[in-house]
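Asks: Pasted the sequence and its predicted model underneath.
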Amino acid sequence: MNEKERTLRRVQISGFAAFDASLFLDSHPDDQNALNYFKKHKQLNERAVFEYETKYGPLTHNGLMGDKSWDWVKTSWPWELC
Amino acid sequence: MWTYNKQLQYPVKIKNPSAALAKVIITQVGGPDGELGASLRYLNQRYTMPDRRIVGMLTDIGTEELGHMEMVAAIVYQLTRCLNMDEIKRSGFDTYFVDHTAGIYPQAASGVPYTAAAMQVKGDVFADLHEDLAAEQKARVTYDNILRLSDDPDVNDAIRFLREREIVHYQRFGEALGIAQDNFADKTNFYAYNPEFDRPRR
């Protein structure tokens, strides 16, 4: 795994943890443990996203992008192999 | 409304192309129990659901299934790079290739194009949730069958993740069914009315 893949893995892992918690929260909206778990992993994910976007470009339209060019179409797509 | 996130939910990195595997795995893009069908089923069922917790679950799981559709498409895309014509002919992938080359076309492994005829939105919370429980089981079995047909570790890693998600979704829909039974069933006359039609949420 290269550095870019490693950084993206951190985004994916923290994002998945928060997302899976969100499915539980959909049917248990007042569960404090689940809410805390979600908040914790969401914060980890925000940090990981920032780290990734700084070096490798935006993950969403609202993500980090220089204002000189629309990096959205200059960075790799998720199914590409290099 | 949807935002697109430029990442796969779980990584897909296939080292070895295989037309034979692509031929069967495409079924989880556009087949009867595939991810496209799952997303359209859940995203369309949610509008008339009588409880916001169930709407939330159908929205979030339906959205996740779109991400899974993308993962399966990524698997097929990576399996069909740099194919030589011999492998295309030998594997039986030629009948797909002639119409779609190496493009991703939503169809079943049998060649039947994606059809909403394989799904239902019945407009009744009990019928719809049972449909969803069944859908997750059917998807799980399809992934089981793919694992029987594949001995590629890169493919199997991603497929196992997708298979586990089907099982988790099955549990979640079970809870939604519990919510429906607790809140919308007349205990003395279980199916006395349709909560989505007779006493709508708003």
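Replies: Ah, there it is.
Asks: rest of the way, CA atoms for contacts and neighbours
Replies: Fine.
Asks: those helices in the chain, which residues are they?
Replies: Answering for chain A, as no chain was given. Counting by DSSP state H, chain A has helices at residues A:3-27, A:32-56.
Asks: wrong one, I was asking about chain B
Replies: Assigned by DSSP H, the helices in chain B fall at B:19-25, B:27-30, B:35-45, B:52-79, B:85-91, B:94-100, B:125-149, B:153-184.
Asks: Which positions in chain A make contact with chain B?
Replies: Residues of chain A lying close to chain B by CA under 8 Å from any CA of the partner chain are A:9, A:12, A:16, A:23-24, A:26-27, A:29, A:58-60, A:77-81.
Asks: Ranking by neighbours, what's the top pick from the residues you listed?
Replies: Neighbour counts for those peak at A:Pro58, which has 25 neighbours (criterion: other CA atoms under 10 Å in any protein chain shown).
Asks: what's the closest non-adjacent residue to that residue?
Replies: Among residues not flanking A:Pro58 along the chain, A:Leu64 sits closest, at 5.2 Å (CA to CA, 6 or more residues apart in numbering or on different chains).
Asks: how close does the one you found get to A:Glu51?
Replies: 10 Å (CA to CA, to the nearest Å).
Asks: Of these two, give the one with the bigger neighbour count.
Replies: Neighbour totals were compared for A:Leu64 and A:Glu51, and A:Leu64 leads with 19 against 16 (other CA under 10 Å).
Asks: For that one, which residues are in contact?
Replies: A:50, A:53-54, A:57-58 (CA atoms under 8 Å, 6 or more residues apart in numbering or on different chains).
Asks: A:Glu46 now?
Replies: A:Glu46 touches nothing, counting by CA under 8 Å, 6+ apart.
Asks: again with B:Glu175
Replies: B:Glu175 makes contact with A:Ser27 under the criterion CA under 8 Å, 6+ apart.
Asks: List the buried residues in stretch B:51-58.
Replies: B:51, B:53-58 (16 or more other CA atoms under 10 Å in any protein chain shown).
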